[in-house]
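Novice: Okay, sequence plus prediction incoming.
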Amino acid sequence: MEAISIEVVDMHTGGEPLRIITRGYPPIEGATILDKRRYVRENLDGLRKFLMFEPRGHMDMYGALLVEPSDPQADLAVLFMHNEGYSTMCGHAIIALGRYAVERRLVDVREGETVVRIECPCGLVTAHVAVKNGRAGEVWFSSVPAFLLKRDLEVEVPGFARVTCDVAYGGAFYALVEARELGLEIGVSPVADIIRAATSLTASVNRETPILHPDHADLGFLYGAILTDGGTGADGRPTRNVCVFAEGQVDRSPTGSGVTARLAQQHARGQVKPGERRVFESITGSRFWGEVEGAATLKDHKAVTVRVGGKAHFYGEARFWLEEDDDLGRGFLVR
């Protein structure tokens, strides 16, 4: 007898996986998206491990659970999951879900461009999907208000160096630092060293300063760290970065919410103007483009909204089950 049976569609955006759960989850309780996130975390976390961990997933698997929207403007709502828990925003997932919604006809599809409004824990995010002959192509989304929270924060990163970093919000909070300050170089230094440095930086920032969101306490936590090549993309060349989040999870894409945070940082520093496009490259060489749309309001913070675009691909479908005597099948990690 199958104690659990869950169906999924797998996609990737710039190499970063997205496992979309299409059938088999129990009903999700909660009046708001944050209530639903809390309910899943407190009552159904075993299913996250079942889908994200080995033997069906791996340390760097990422998932999307579609739930009933609480925002009347939303076409669909989503909870994001990963190796540690549940994030508040995920740009690579939004890009994939935009295409998924068009290809699976979850919205009315319009030739040229189809709009998909997605309710996320951080708020309503609007995806714009290029459509040609009924098929989805590139997707870009308009972010929630993004802002620079901390500027020139000095912290000691044990095992590496004392660095100066920024903390910015792009739907999730990130510590942003040039890789060279840690004695590292993206594309040259071993990924294991990048993970150690980013994880240590995140821990140091958490010790040094409170991370507070002006609207929701549930959004007030440091999601991870982004190591950059120090560039802004203003010279027409892509600027490289690598994002390490949750429990040492490495994003294969340029990170949609991370690109949003970087553009909010650059705008606050006077390095980019609204409408100026920048290209961001990941550790795999995949690219997203981004640009500041304009000013936004978020209580005491000077904020902006940001556009981020990229392309997602389908690569499989599956039905996963659990046999009653399979304890390892409930999920495990070896690192």
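Specialist: Everything's here; your move.

Novice: separation between Ile211 and Thr202?
Specialist: Distance, Ile211 to Thr202, using Cβ to Cβ, to the nearest Å: 10 Å. Any C-beta I mention is one placed from the backbone N, CA and C, and that applies to glycine too.

Novice: typed the wrong thing, it's Gly258
Specialist: For Gly258, the distance to Thr202 equals 13 Å [Cβ to Cβ].

Novice: Next: Glu113.
Specialist: As judged by Cβ to Cβ, Glu113 and Thr202 stand 37 Å apart.

Novice: Tell me which of these two has more neighbours.
Specialist: For the pair Glu113 and Thr202, the greater number of neighbours falls to Thr202 (22 against 10), based on other Cβ atoms under 10 Å.

Novice: That one reaches Phe221, doesn't it?
Specialist: No - between Thr202 and Phe221 there is no contact under Cβ atoms under 8 Å: 10.2 Å.

Novice: list residues touching both of those two?
Specialist: Taking Cβ atoms under 8 Å, 6 or more residues apart in numbering as the contact criterion, no residue touches both Thr202 and Phe221.

Novice: For the helix or strand hosting Pro17, what is the distance to the chain centroid?
Specialist: In the assignment (DSSP states H and E), Pro17 maps to strand 16-23. Offset of strand 16-23 from its chain centre (Cα atoms, centre = their mean, to the nearest Å): 14 Å.

Novice: Any idea what Val304 is bridged to?
Specialist: Ala146, Ala295 (DSSP bridges).

Novice: what about it, how many neighbours?
Specialist: 24.

Novice: List the contacts of it.
Specialist: Residues in contact with Val304, defined by Cβ under 8 Å, 6+ apart, are 145-147, 263-264, 267, 274, 292-296.

Novice: Adding pLDDT, neighbour count and distance to Pro254, write these out as CSV.
Specialist: Compiled in CSV, those are given as follows (pLDDT from 0 to 100; neighbours: other Cβ atoms under 10 Å; distance: Cβ to Cβ, whole Å):
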residue, pLDDT, neighbour count, distance to Pro254
Pro145, 95, 24, 21
Ala146, 96, 29, 15
Phe147, 96, 22, 20
Leu263, 98, 30, 12
Ala264, 98, 30, 15
His267, 97, 24, 17
Pro274, 97, 13, 20
Val292, 98, 24, 16
Glu293, 97, 14, 18
Gly294, 95, 10, 22
Ala295, 94, 12, 24
Ala296, 93, 18, 22
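
Novice: Switch those over to a markdown table; also include distance to Val250.
Specialist: Compiled in a markdown table, those are given as follows (distance: Cβ to Cβ, whole Å):
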| residue | distance to Val250 |
| --- | --- |
| Pro145 | 27 |
| Ala146 | 22 |
| Phe147 | 25 |
| Leu263 | 21 |
| Ala264 | 22 |
| His267 | 26 |
| Pro274 | 31 |
| Val292 | 27 |
| Glu293 | 29 |
| Gly294 | 32 |
| Ala295 | 33 |
| Ala296 | 30 |
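
Novice: and which of these is nearest to Ala168?
Specialist: Nearest to Ala168 out of those is Ala264 (Cβ to Cβ; 5.1 Å).

Novice: Wait, a strand at the closest one?
Specialist: No - read with DSSP: H, G, I helix; E, B strand; the rest coil, Ala264 is helix and lies in no strand.

Novice: tell me the contacts of it?
Specialist: Contact partners of Ala264, counting by Cβ under 8 Å, 6+ apart, are 146-148, 168-170, 292, 303-304, 306.

Novice: Out of those residues, the closest to Ser5 would be?
Specialist: Checking the contacts of Ala264 one by one against Ser5 (Cβ to Cβ), the nearest turns out to be Gly170, at 36.1 Å.
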